[in-house]
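> compute the structure for the input listed below.
(2 chains)
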There are 2 protein chains.
Amino acid sequence: MEAFTFHNPTRIHFGVGMISKLGKEMQDAGIKSCLMVAGEGSIKQNSVYTQVLDTLNNHHITVHEAWGVQANPTLAKVREMVTLAHTLKAQAILAVGGGSVIDSAKAVAAGVFLDDPWDAFGGNVPVKQALPIYTVLTISATGSEMNGNSVLTNTDTKQKWAFYSPLVYPQVSIIDPAVQCSLPFKQTASGAIDAISHVLEYYFVNQTALSTQAIDDALMKTIVDMTDRLMENPGDLVARGNLAWCATLALNGISGMGMKGGDWACHQIEHAFSALHPDIAHGEGLGVVFPAWIEYMSEKYPSRYARWAKNVWGEDSVSRGVQRFRDKIEAWGLSGSLRDLGIRERELPELLELIMIRPTVGAVSKLSAAEVEALLMLAY
Amino acid sequence: MEAFTFHNPTRIHFGVGMISKLGKEMQDAGIKSCLMVAGEGSIKQNSVYTQVLDTLNNHHITVHEAWGVQANPTLAKVREMVTLAHTLKAQAILAVGGGSVIDSAKAVAAGVFLDDPWDAFGGNVPVKQALPIYTVLTISATGSEMNGNSVLTNTDTKQKWAFYSPLVYPQVSIIDPAVQCSLPFKQTASGAIDAISHVLEYYFVNQTALSTQAIDDALMKTIVDMTDRLMENPGDLVARGNLAWCATLALNGISGMGMKGGDWACHQIEHAFSALHPDIAHGEGLGVVFPAWIEYMSEKYPSRYARWAKNVWGEDSVSRGVQRFRDKIEAWGLSGSLRDLGIRERELPELLELIMIRPTVGAVSKLSAAEVEALLMLAY
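Next up, the predicted model:
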């Protein structure tokens, strides 16, 4: 097993009604005012907003509100919120929403100490300070509630880039699965594919990390089973809860220990899709890339991909495993190809250019531009 | 899935050569002198002691040494070390050893702020402060390197009691699987049973925590497979590493989320064995109690025990699963019954008295004294 360091200081309160714990947590940390970052208002329809205001009021915490974060969140919106955080002298950033909202909150928390928040994403300017971050999760997908990652799109340059800092792990994240029962199934399924993809980014990198692979098998199988249950009954709280916790574990470190940091070719490829088409849901895009990537890579490394087909899908061949994965994605109502996603063949050269910001992508195998092009054709 | 809170702030450095990271970690925390707690000298035979001194010297940290912690560590020894920590004005406690050493270090770290360290174990005096704890692990078993638990024996009263405090999670723990290659196989196997037992204490409590159960299946199966490999080849570093990481995960919180805190009847029963016979290895004792407990409990709750037999052992009946578990314990050279452990039938009444400090034990089912007696007979 390869060497690794594990450290994840985020405190999770998980369960129905747990939003009520937020106010005391922030009060105990000495916070008197915060900037709440939120999306386009769904939290006003499902009682989350009211629950958040109640617990903050009960603990005498002033809340200023910044609404309007969209899926595939943008640098422009973050810059606007950084200005607001400065003006309000916010002591903490509270993200109430899904991965886009939490990622934006992290960029704001670090951005108030930088000339420009995008500096963190270039990787040239190190993040040395950040406001404390609290989150109330409303859709399980990205794992951002328990890690130090943030992904943002610079719409001017069509760059969808990430940054990582140990300083932007949330202090406390609240995961109440009940608030996810009103999600449209397509969002639930897209989140499930996102979570499976996080596990897959690690799974094939190192065959000596047997304990991590066994945990990853467990996570992937449970995510598939729970999503199937939620397609039948969106109010199934047992399935909501288990899907939610698996999605958190899929990118909080546990799923990748001994995996040398993971592969990440598929994420880099998908980020180019949504940089070009901001309407593409991240999870849905990954559901197109990953089956093609597994198909392509399994010819190079048959045995490690065979393990996945066997352990996750109970199939004796990779091609049958990939078929089961594709069938599942289709059954969940998600796109099965680049074409279905709305990407046109003539856009492929521009996509390729956005993907290949370095000479190769990936770690299991370092894919050249020609190989990524072949993979895109396979996914088209 | 039941509500839970997860928070584990310990930083793990895992891998061959990682002991070298200790000095900088302590220096970065501003520590200039520490009290090193250790066992009976095995770390002088396997280079661990030299590696620890090197990294501390390189970072100008003065180390005072307290040797002599034994398996089933005692309150008397902890009291002695608390006095030493006071005299030396130690800024931190460094545990270099296995679970007994780390548990003792935790009792010292909290004990310096109490009238008597045993106060923490009674649960009557809350732990409000503790010195920071650092650990270098030399045998994977208890998970103490990444949790807030400590178990100690008061030999005067024959009480083997535990305490938990969020203040005694180690700041940093180093897990170098290579230093475990020289362990006698019986110690490796006893540690493996201890780790499996931690998972089992949670596994049966709640059938709605499907994600946790799936992870637990993965942990138990991997522990069994890796221990089998180590019986063949004690120097198998892949097996050492994966066993070590599973043992840490078995009691760092991950294996028990949504399981309402676990059952713990078997641990309470085993603690009485070793309070009476301090020479009984904790893991070996648990290997006698657990099969009997599963057999006994499966008559009350057939389906949840059937899942274990199926998923961990591939067997269609609990009795065959228990048989496979017992066969494995025997194959690893560990005792299969109370009689084999050296406990005499005439000691059973005293055992029962030590176990039943409350009217019932356990959570899956609250076992009365009569039921525990029946269980002991089954294990005899």
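> once you drop chain neighbours, what's closest to residue A:336?
residue A:330 (5.3 Å; Cβ to Cβ, 6 or more residues apart in numbering or on different chains). In short, each C-beta sits where N, CA and C put it, glycine included.
> how does chain A divide into domains?
A:11-178, A:185-379 (automatic domain parsing).
> the residue nearest to residue A:336 belongs to a helix, doesn't it?
Yes. Judged by DSSP: H, G, I helix; E, B strand; the rest coil, residue A:330 forms part of a helix.
> so for the lengthiest helix in chain A, what gets flagged as buried?
Ranked by number of residues, the top helix in chain A under DSSP state H is helix A:210-232. The neighbour-count check on helix A:210-232 (16 or more other Cβ atoms under 10 Å in any protein chain shown) flags A:210-227, A:229-231 as buried.
> quick check: residues of the stretch 251-380 of chain A near chain B?
By Cβ under 8 Å from any Cβ of the partner chain, the residues of the stretch 251-380 of chain A that approach chain B are A:254, A:257-258.
> go again using 10 Å as the cut-off
Contact residues, the stretch 251-380 of chain A versus chain B (Cβ under 10 Å from any Cβ of the partner chain): A:252-254, A:257-258, A:311.
> want to throw the domains of chain A into a markdown table with distance to residue B:285?
Formatted as a markdown table, the domains of chain A follow (distance: least, Cβ to Cβ, whole Å):
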| stretch | distance to residue B:285 |
| --- | --- |
| domain A:11-178 | 33 |
| domain A:185-379 | 25 |
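> so how far is stretch A:71-87 from its chain's centroid?
19 Å (Cα atoms, centre = their mean, to the nearest Å).
> and for stretch A:248-264?
For stretch A:248-264, the distance to the chain centre is 12 Å (Cα atoms, centre = their mean).
> residue A:200 reaches residue A:286, doesn't it?
Yes. If you go by Cβ atoms under 10 Å, residue A:200 and residue A:286 touch, sitting 8.6 Å apart.
> between these two, which is the more surrounded one?
Taking other Cβ atoms under 10 Å in any protein chain shown, residue A:200 and residue A:286 do not tie; residue A:286 has more neighbours (28 against 25).
> by contact count, what packs against the helix or strand hosting the more buried one?
Element membership for residue A:286 (DSSP states H and E) is helix A:282-298. If contacts are counted by 3 or more Cβ pairs under 10 Å, 6 or more residues apart in numbering or on different chains; DSSP states H and E, helix A:282-298 sits against helix A:99-111, helix A:185-203, helix A:265-276, helix A:302-313, helix A:318-331, helix A:338-341, helix A:369-379.
> what sits against the residue located most distally from the centre of chain A?
Outermost residue of chain A with respect to the C-alpha centroid, by Cα atoms, centre = their mean, is residue A:60; its distance is 32.0 Å. Neighbour list for residue A:60: A:23, A:26-27, A:32-33 [criterion: Cβ atoms under 10 Å, 6 or more residues apart in numbering or on different chains].
> now do 6 Å
Shown in contact with residue A:60 (Cβ atoms under 6 Å, 6 or more residues apart in numbering or on different chains): no residues.
> sorry, back to before: now the longest helix of chain A, how far from the chain's geometric center?
16 Å.
> same question for stretch A:276-286.
12 Å.
> helix or strand for residue A:161, which one?
strand A:159-164.
> next structured bit after that strand?
strand A:172-175.
> just checking, what packs against that next one?
Packing partners of strand A:172-175 (3 or more Cβ pairs under 6 Å, 6 or more residues apart in numbering or on different chains; DSSP states H and E): strand A:4-14, strand A:133-137.
> need the winner for burial among those strands.
strand A:133-137 (a mean of 28; mean count of other Cβ atoms under 10 Å in any protein chain shown).
> I'd like the average pLDDT over it.
What strand A:133-137 shows for mean pLDDT is 98.
> how far is that strand from where the chain is centred?
Distance, stretch centre to chain centre, for strand A:133-137: 14 Å (Cα atoms, centre = their mean).
> so is that strand next to chain B?
No. For a cut-off given as Cβ under 6 Å from any Cβ of the partner chain, strand A:133-137 has no contacts with chain B; the smallest distance is 13.6 Å.
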